[in-house]
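Trainee: Quick one, structure for this:
(chains A, B, C and D)
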2 protein chains.
Amino acid sequence: MATIYEVSEAAGVSLATVSRVMNGNAKVSERTRQKVLDAMESLGYQPNAIAQSLASNRTNSIGLLVSELHGSYFGDLMSTVEQVLKNNGKHVIITAGHVDEKSELEAIDFLKSRRCDALIVHAEAVSDDYLKALAQSEVPVAVINRQVTGIESRCFVVDNEKGGYIATKAVLDQGHKQIGYISGPLLKKDARDRLAGHFRALAENGIERAQSPIYEGDYHELSGQNGCLTLLKETPGLTAVICANDEMASGAMTAAREAGVSVPQNLSVVGFDNVLFSRYLFPKLTTVENPISAMGEMAANWILQEVYNVKSKQPIEHLFVPELVARASLGRAPDA
Amino acid sequence: MATIYEVSEAAGVSLATVSRVMNGNAKVSERTRQKVLDAMESLGYQPNAIAQSLASNRTNSIGLLVSELHGSYFGDLMSTVEQVLKNNGKHVIITAGHVDEKSELEAIDFLKSRRCDALIVHAEAVSDDYLKALAQSEVPVAVINRQVTGIESRCFVVDNEKGGYIATKAVLDQGHKQIGYISGPLLKKDARDRLAGHFRALAENGIERAQSPIYEGDYHELSGQNGCLTLLKETPGLTAVICANDEMASGAMTAAREAGVSVPQNLSVVGFDNVLFSRYLFPKLTTVENPISAMGEMAANWILQEVYNVKSKQPIEHLFVPELVARASLGRAPDA
DNA sequence: TATTATTTTGTAAGCGCTTACATTTTGCAA
DNA sequence: TTGCAAAATGTAAGCGCTTACAAAATAATA
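Mentor: Okay, the predicted model is just below:
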């Protein structure tokens, strides 16, 4: 592979001049610029990004930590972040943390060792303290979907409490009274927040907590299935099940179908996230849009502004408001 | 950030020695090794991967080109490849080509400029000639899901013809006679191959092509929906629809449902790929497993062996055999 | 102990770029 | 013309590592 040295030779100019036409930041006369360009062309020269990074102390790469590389949620996130950054000539190095503390730490260390100019992290397993320390370190960090006290200005989060509220409110508005709730694992903050929103909506409508059974799931499909089965068994008059995410909602719908309970005629089901497959379910799932793409986009814009001085078109915001996506799985209460 | 220089200072040894203990390839006395390790520890030293790469001409990174960063198909691929390579201390730089020639070329140029040690490409838009030239260049390339004549030894592909055959065979075995087929875009080789397999199965069972209507779709859901509608309309006795991928199968099921045709009682539907959401469909989709994970794993192993001299446990194979995943959407022919 | 083979460590030259600073060239006014 | 400021180009010192080669320390042998 041709190096800058060969280009300078071929063009009959110095290294520095070649570098200048590459970076376009210092002025070069049109005539020499053309000579250099021609030389590059004919040598098929491609700058060595590694060497550029070492010399300039800029890698033009942003590290992105996600929990998994598969699944719609992270797919959307990666896709959006990559799009925005690529449009600005930056690129993304993606790693997976697998919701495991050691693995997340390693992933972040790896990204730092690659000298990423900035990091976008969706970290679930590391501690708040670690994230705070990370944010204090030299590399700028954007935190997605997690509110860390003390570094709020780098966090991009959805209002989960409100999302939980919206879901339950929508169900109540359809006249349902006996509403089951399948929560996420309650040691996760987002699961607790969504549940809190659920409770608030119930309270506003004068419904007792005791009347509304809760099943603690783990965000995976099977727990939705088990949860729905349990709720149906324990609460005879149940007419709606709200799930803290779409996967569990899918499980719940399967359970209902297998129990001979038709959705939404006899049981309404509501999810949370609006991941891609919620459209594929039958009946199509009513859910709460989790604006993961918007958060990713905002985080990317924040970094462009903060690190590369690229002015963001939109103002930087940190709290995202979820919205109801009304589809077929939520119907009026049969007894309403 | 501490550099190797500070470590050598702190440990009272030369640069070279520090480098040696880092890389563990040359022998260092136990006593000095410990001194160096201690110095690193206390300085919180983290080697600069960029500098290492420049000096060693090894980046330990493998470039992965996919069409999209979202969607189950690519999610599976990325996930598997990352897993295998990470286990061997390598990492992946992922880029998206968006099935656009210019974009794919740029993505590959980008990966080359990052001096990836090897490339794994799922390229759909660039020409065979380009891929051949690429394979001839300095950087080792594994091609996923595309058979390029002349560089077969770097291609990892599924036997699409056989997959198409299997799908149709399964339908025939259930007694269906009037079978519609929704193909992928026929300028794509995989779409043509799957269709060829379909024809072979029909021929073996003595069914005329004229009796089996084809609709050319584009692999997207909507075309499956339109295709199914069209087929149902044009072929009154139709009892089964085979789709060249799962997305179109989902569309087909939606169309059937909206037309009041129940699946699988009145119409059987079969897909191809076995992407994640095929489990979420109702009824669950009978489909052909496209072993994308297996191909990704094999490509990764091939690179480990070829580039890093890591012996692969499994022998390297290039052709993958698809298998039927029998689920609920395929039933016996009503008239059988 | 002297000598030699072996192991351990150090020296210094890159890897391919960027960039501060120095030098040369050009353009323009006097 | 000459002189000078501005523009264009060149020189060379790094960026933080690896690695051939040289030198020093240690071990083995006579």
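Trainee: Could you list the contact residues of chain A toward DNA strand D?
Mentor: Proximity of chain A to DNA strand D (Cβ under 7 Å from any atom of the strand) is limited to residues A:12-17, A:20, A:26-29, A:31-33, A:54-55, A:57. C-beta: built from backbone N, CA, C; applies to glycine.
Trainee: rerun at 10 Å
Mentor: Within chain A, the positions lying close to DNA strand D (Cβ under 10 Å from any atom of the strand) are A:4, A:8, A:11-21, A:26-33, A:35-36, A:50-57, A:113, A:115.
Trainee: among these, which are within reach of DNA strand C?
Mentor: A:4, A:8, A:14-21, A:26, A:29, A:31, A:50-57.
Trainee: In helices, which of those fall?
Mentor: Among these, the members found in helices (DSSP state H) are A:4, A:8, A:15-21, A:31, A:50-56.
Trainee: For those, which PyMOL command selects only the ones that are buried?
Mentor: Entered in PyMOL, the line below selects the buried ones among these, by 16 or more other Cβ atoms under 10 Å in any protein chain shown:
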select buried, chain A and resi 4+8+17+18+19+20+21+50+51+52+53+54
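Trainee: ok, and of the ones in helices among the ones next to DNA strand C among the residues of chain A next to DNA strand D, which contact chain B?
Mentor: A:50-51, A:53-54 (Cβ under 8 Å from any Cβ of the partner chain).
Trainee: what are the ranges of the helices in chain A?
Mentor: Secondary structure of chain A, counting by DSSP H: helices at A:4-11, A:15-23, A:30-43, A:49-56, A:72-86, A:101-113, A:128-136, A:160-173, A:189-204, A:221-234, A:246-258, A:292-308.
Trainee: elements contacting the fifth one?
Mentor: Spelled out, that is helix A:72-86. On a contact count with 3 or more Cβ pairs under 8 Å, 6 or more residues apart in numbering or on different chains; DSSP states H and E, helix A:72-86 meets strand A:61-66, strand A:91-96, helix A:292-308, helix B:72-86, strand B:91-96.
Trainee: Report pLDDT for the residue lying closest to A:Tyr165 once chain neighbours are set aside.
Mentor: Nearest residue to A:Tyr165, sequence neighbours excluded (Cβ to Cβ, 6 or more residues apart in numbering or on different chains): A:Gly197, at 3.6 Å. Looking at A:Gly197, its pLDDT is 98.
Trainee: Was I right to think A:Gly197 contacts A:Ala170?
Mentor: No - under the criterion of Cβ atoms under 8 Å, A:Gly197 is not in contact with A:Ala170, lying 11.7 Å apart.
Trainee: So what's the residue count around A:Glu106?
Mentor: Residues lying near A:Glu106 (other Cβ atoms under 10 Å in any protein chain shown) number 14.
Trainee: ditto for A:Ser329
Mentor: A count of nearby residues for A:Ser329, using other Cβ under 10 Å, gives 26.
Trainee: Go ahead and confirm it touches A:Leu267.
Mentor: No - with contact defined as Cβ under 8 Å, A:Ser329 does not reach A:Leu267; the gap is 9.1 Å.
Trainee: How about the residues of the stretch 1-150 of chain A by chain B?
Mentor: Counting by Cβ under 8 Å from any Cβ, the stretch 1-150 of chain A sits next to chain B at A:1, A:46-51, A:53-54, A:59, A:68-72, A:74-76, A:78-79, A:82, A:91-96, A:109-110, A:112-115, A:138.
Trainee: Output the set of residues of chain A in proximity to DNA strand C.
Mentor: A:1-8, A:14-23, A:25-26, A:29, A:31, A:40, A:45-58.
Trainee: repeat that with 7 Å
Mentor: So far as Cβ under 7 Å from any atom of the strand goes, chain A lies against DNA strand C at A:1, A:3-5, A:15-16, A:18-20, A:22-23, A:25, A:45, A:47-48, A:51-52, A:54-56.
Trainee: these two touch, right, A:Pro283 and A:Val263?
Mentor: Yes - in this structure, A:Pro283 is within contact of A:Val263 by Cβ under 8 Å, at 5.9 Å.
Trainee: The two: which has the busier surroundings?
Mentor: Shown here are A:Pro283 and A:Val263; by other Cβ under 10 Å, A:Val263 has more neighbours (23 against 19).
Trainee: coming back round to it: any chance of the helices and strands packed on helix A:72-86 in TSV, plus distance to A:Gly237 and mean neighbour count?
Mentor: Formatted as TSV, these follow (distance: least, Cβ to Cβ, whole Å; neighbours: other Cβ atoms under 10 Å in any protein chain shown):
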stretch	distance to A:Gly237	mean neighbour count
strand A:61-66	41	26
strand A:91-96	44	23
helix A:292-308	35	22
helix B:72-86	38	23
strand B:91-96	49	23
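Trainee: Of those, give the one that comes closest to A:Asn145.
Mentor: helix A:292-308 (6.6 Å; Cβ to Cβ).
Trainee: now the angle between strand A:61-66 and that closest one, please.
Mentor: Interaxial angle, helix A:292-308 versus strand A:61-66 (axes from the mean of the first three to the mean of the last three Cα atoms, to 10 degrees): 150 degrees.
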